[in-house]
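[1] Mind folding the following:
(chains A and B)
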Number of protein chains: 2
Amino acid sequence: MKIALTGATGFIGRHLVAELVQRGHEITLLVRDPQKLDALRRPGVRTIQFDLYAPANSAAEVGKHDALIHLAWPGLPNYKELFHFEENLPASYRFLKACIEAGVPQVLVTGTCFEYGMRDGCLAENMETLPANSYSLAKDTLRKFLERLREKQPFVLQWIRLFYMYGPGQNSNSLLAQLDHAIDKGDPVFNMSGGEQLRDYLPVEQVASGLARVAEHAECDGITNVCSGVPISVRKLVERRIESRNARIELNFGYYPYPNHEPMAFWGDAHKFEAIISSAP
Amino acid sequence: MKIALTGATGFIGRHLVAELVQRGHEITLLVRDPQKLDALRRPGVRTIQFDLYAPANSAAEVGKHDALIHLAWPGLPNYKELFHFEENLPASYRFLKACIEAGVPQVLVTGTCFEYGMRDGCLAENMETLPANSYSLAKDTLRKFLERLREKQPFVLQWIRLFYMYGPGQNSNSLLAQLDHAIDKGDPVFNMSGGEQLRDYLPVEQVASGLARVAEHAECDGITNVCSGVPISVRKLVERRIESRNARIELNFGYYPYPNHEPMAFWGDAHKFEAIISSAP
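    Next up, the predicted model:
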């Protein structure tokens, strides 16, 4: 397939580019920073300069592709800041609409498990959304806008709800990155929360291959949780990481309080996602 | 109180201006059409020219008031058109934010019962919203944006969900306006739907006095249904109207199908609204 991609230099994007190339797709990266254009170019990979806030030229290019994967979302995390819906939402909507009007028939956009809001338990795609911060409100609203748009102008809308991820390139403030750093420094103790909270984690490489599979299946329309479907305690996640690194570090549970902006125990319903990744390639 | 008002020339606005003047408020009308400025001016009523899409000057003026009542919403009805969220939503949000930043401590905005979506029964303010068209999505999203904004910058947010209304100045395409027109013409028959659907109707004068009461009560924060709380069939509404006019016209039920974009039977929970209108002035 001919696939256009934004966000190629981000955490997921770097893995997704490798995955798409390996699967034989012809890809075009829409890159904000002109200095990165050359470095990203390679066989099977074109790059074009792209401004989310002035997308006219790049949208015309995207229109020539079979699908657009839109990962770009400036300013993360800062979940509570208003720019998510004041700036990112209208910019992304206008860009996507311009691409669809330019002829791209399929759009994959990454949303977030936080669209489900402050709810515990197994979260399924057909649940009503209850976004409780500006970031997830902006993503949830973008999806709703796109659903209205496609009543006027049909296109395949693949809305991906991402859960937690880890792996190469992760944010240095993330839990496992901080743990790795503490192990590398030889710290005797790692301060953390109580660790009993349940989350849904996937290695970023599995997220990337999952996104590629979804993009290859145009019949996979609507919302899809990209997740493991298996809750794991943060404590167990950390202990596994220490074990896999053959490291010795004491865990100081309860040093940090549980965050009050996240539910205590939630994970994704992965049935739809599993059906896609186990289907014929 | 010093109250600024948009939408003064609309169906509700005309009644609300009269109500606010009668209640002794000092009001400023923000009017789009410069030709209407002089006609609207009278004792207790100032007018200023206003462009929802370039609100800088008018927002500074609004900042000097005790409250803003924002009724303006161009292009109604056309509920399915994208301009509701592509244009009206960001314009209203930017205008309201500018007014709040300019110092107005209280904002009353009219939303719609359609924010509740395709749901039958008694609709209460604490229900999750499920907007099913572009108009109600835009209104619902505006409220969510304002709720996030006030985490950054406190203000009183009075979000009014309007149900059905009738009275002088109503849209000539509305049911009772068409009935009146048929009676005036001396038509022998009035074609209508089955008439069994249940709705919540208020005379527009009661809506206007209700809005004035809410604006006078800054403690009335959050969402308020402005409605009767009493379901009435469309058939009965029409029959009452014919009776009150002492008219004779045959009702041809079932000529039009029931609209598929509205629930069959829904009305508002009016407990909060009733508490406000029965409280001390």
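[2] Correct me if wrong: A:Leu251 contacts A:Phe190.
    Yes - under the criterion of C-beta atoms under 8 Å, A:Leu251 makes contact with A:Phe190 at 5.6 Å. C-beta coordinates here come from the backbone N, C-alpha and C atoms, glycine included.
[3] Which one's more surrounded, these two?
    A:Phe190 (20 against 16; other C-beta atoms under 10 Å in any protein chain shown).
[4] Give the other helices and strands that the helix or strand harbouring that one contacts.
    Taking DSSP states H and E as the definition, one finds A:Phe190 inside strand A:189-191. Here strand A:189-191 touches helix A:175-185, strand A:250-252, going by 3 or more C-beta pairs under 8 Å, 6 or more residues apart in numbering or on different chains; DSSP states H and E.
[5] again, only using 7 Å
    The contact analysis (3 or more C-beta pairs under 7 Å, 6 or more residues apart in numbering or on different chains; DSSP states H and E) places strand A:189-191 against strand A:250-252.
[6] The strand it packs on pairs with which strands, parallel or anti?
    strand A:189-191 (parallel) (DSSP bridges).
[7] So which residues on chain A come close to chain B?
    Within chain A, the positions near chain B by C-beta under 7 Å from any C-beta of the partner chain are A:82, A:85, A:90, A:128, A:130, A:134, A:137, A:141, A:144-145, A:148-149, A:152.
[8] re earlier: skip ahead from the strand holding A:Phe190 and say which helix or strand is next.
    Using DSSP H and E, the first helix or strand after strand A:189-191 is strand A:198-199.
[9] and that following strand, what does it pack onto?
    Applying 3+ C-beta pairs under 7 Å, 6+ apart, one finds that strand A:198-199 makes contact with strand A:232-233.
[10] Not counting its own residues, what contacts the helix or strand following the strand it packs on?
    Using DSSP H and E, the helix or strand that directly follows strand A:232-233 along the chain is helix A:234-244. Applying C-beta atoms under 7 Å, 6 or more residues apart in numbering or on different chains, the external contacts of helix A:234-244 come out as A:Leu175, A:Leu176, A:Leu179, A:Met192, A:Ser193, A:Gly195, A:Glu196, A:Gln197, A:Arg199, A:Tyr201, A:Ile249, A:Leu251.
[11] gap between helix A:234-244 and the chain center?
    Taking C-alpha atoms, centre = their mean, to the nearest Å, the mean C-alpha location of helix A:234-244 is offset from the chain mean by 23 Å.
[12] now swap in stretch A:6-24 and tell me
    From the chain centre to the centre of stretch A:6-24 is a distance of 12 Å (C-alpha atoms, centre = their mean).
[13] Other residues contacting it?
    The contact list for stretch A:6-24 (C-beta under 7 Å, 6+ apart) reads A:3, A:5, A:27, A:29-31, A:36, A:40, A:44-45, A:50, A:70-72, A:169-171, A:204-205, A:207-209, A:211-212.
[14] Go again with 8 Å.
    A:3, A:5, A:27, A:29-31, A:33, A:36, A:40, A:42, A:44-45, A:50, A:52, A:68-73, A:110, A:162, A:165, A:167-171, A:204-205, A:207-209, A:211-212, A:216 (C-beta atoms under 8 Å, 6 or more residues apart in numbering or on different chains).
[15] repeat for stretch A:136-145
    By C-beta under 8 Å, 6+ apart, stretch A:136-145 touches A:73, A:79, A:84-85, A:88-89, A:92-93, A:109, A:111-112, A:114-115, A:117, A:129, A:131, A:157, A:159, A:223, B:85-86, B:131, B:137, B:141, B:144-145, B:148.
[16] Now do stretch A:20-27: distance to the chain's middle.
    How far stretch A:20-27 lies from its chain's middle: 19 Å, per C-alpha atoms, centre = their mean.
[17] Then stretch A:102-115?
    How far stretch A:102-115 lies from its chain's middle: 10 Å, per C-alpha atoms, centre = their mean.
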